[in-house]
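> Could you look at this predicted model? Sequence included:
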Amino acid sequence: MIQVTVDRIGLDQNADQAVVLLGDLTRTTFVPIWIRALEATAIALPLQGVKPPRPLTADLVIGVAEHLGAEIVMAKIEAIENETFYASLVLSKGEETISIDCRPSDAIAVALRKEAPIYVDEKVMAEAGIAAEDSEVQ
C-alpha cells in the first residue's frame, strides 16, 4: 500500500461531477477518482477547516464508530474494476480490526476528519496513476 494525500479537488460546474486527485507523498504519481459534487464537498470541508452546522454522512460514521468504541485507523483504495474504484474503511476495536467496504469518497471524507492515513494499493496506483510530468496534474 502507498500512502497518499488529497492533492486537490476539481469541480465540473456543468455536471454533477468532480475529481479528487490523490497524490503519493513524493508527489510523483497521482490517482484521479471521479465523484459526485456532493461527495467532493464532504471531502473539501475538512481540508478547508470547515465544520458543517449539522453532521454529514462522514460525521455520522465517525459518531457511530466512536459510540461503539471503535477507532478509525485508515482508508484504503483497494481495487479498480471497469473504471470503478473499491475502498474500505479500517477500524479497530480493542484487538479486533474491522474492514468495512465503502465508496472511496466516503472513506476519504472520514479519514480526513479523523486525520487518519489514506492508502492506495500498488496495483491501483500502477493502473490508474498519472505521472506528475503529465500536464493534467501540473
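Yep, it's here.
> can we go C-alpha only for contacts and neighbour counts from here?
Fine.
> Can you verify my assumption that Val31 contacts Ala131?
No - assessed by C-alpha atoms under 8 Å, Val31 is found out of contact with Ala131, at 9.0 Å.
> the more surrounded of those two?
With neighbours defined as other C-alpha atoms under 10 Å, Val31 and Ala131 compare such that Val31 has more, 24 against 15.
> How about that one, nearest residue that isn't a chain neighbour?
Distances taken as C-alpha to C-alpha, 6 or more residues apart in numbering place Gly129 nearest to Val31, at 4.6 Å, with adjacent residues excluded.
> swap in Leu47?
Leu112 (7.4 Å).
> helix/strand/coil for the one you found?
Secondary structure state of Leu112, per DSSP: H, G, I helix; E, B strand; the rest coil, is helix.
> Now do the contacts for it.
Contacts for Leu112 (C-alpha atoms under 8 Å, 6 or more residues apart in numbering) come out as Ile43, Pro46, Leu47.
> Any regions of the protein where pLDDT drops low?
134-138 (pLDDT under 70).
> all helices of it, in order?
Using DSSP state H, the helices assigned to the chain run over residues 37-47, 57-67, 104-114, 122-128.
> any idea which residue sits dead centre in the chain?
Nearest to the mean C-alpha position of the chain, by C-alpha atoms, centre = their mean, lies Ile108 at 2.3 Å.
> Just confirm that residue contacts Ile118, I think it does.
Yes - contact status for Ile108 versus Ile118: in contact at 6.9 Å, counting by C-alpha under 8 Å.
> Could you name every residue contacting both of the two?
Common contact partners of Ile108 and Ile118 (C-alpha under 8 Å, 6+ apart): Ala75.
> any idea how far Ile33 is from Glu127?
Per C-alpha to C-alpha, to the nearest Å, Glu127 is found 12 Å from Ile33.
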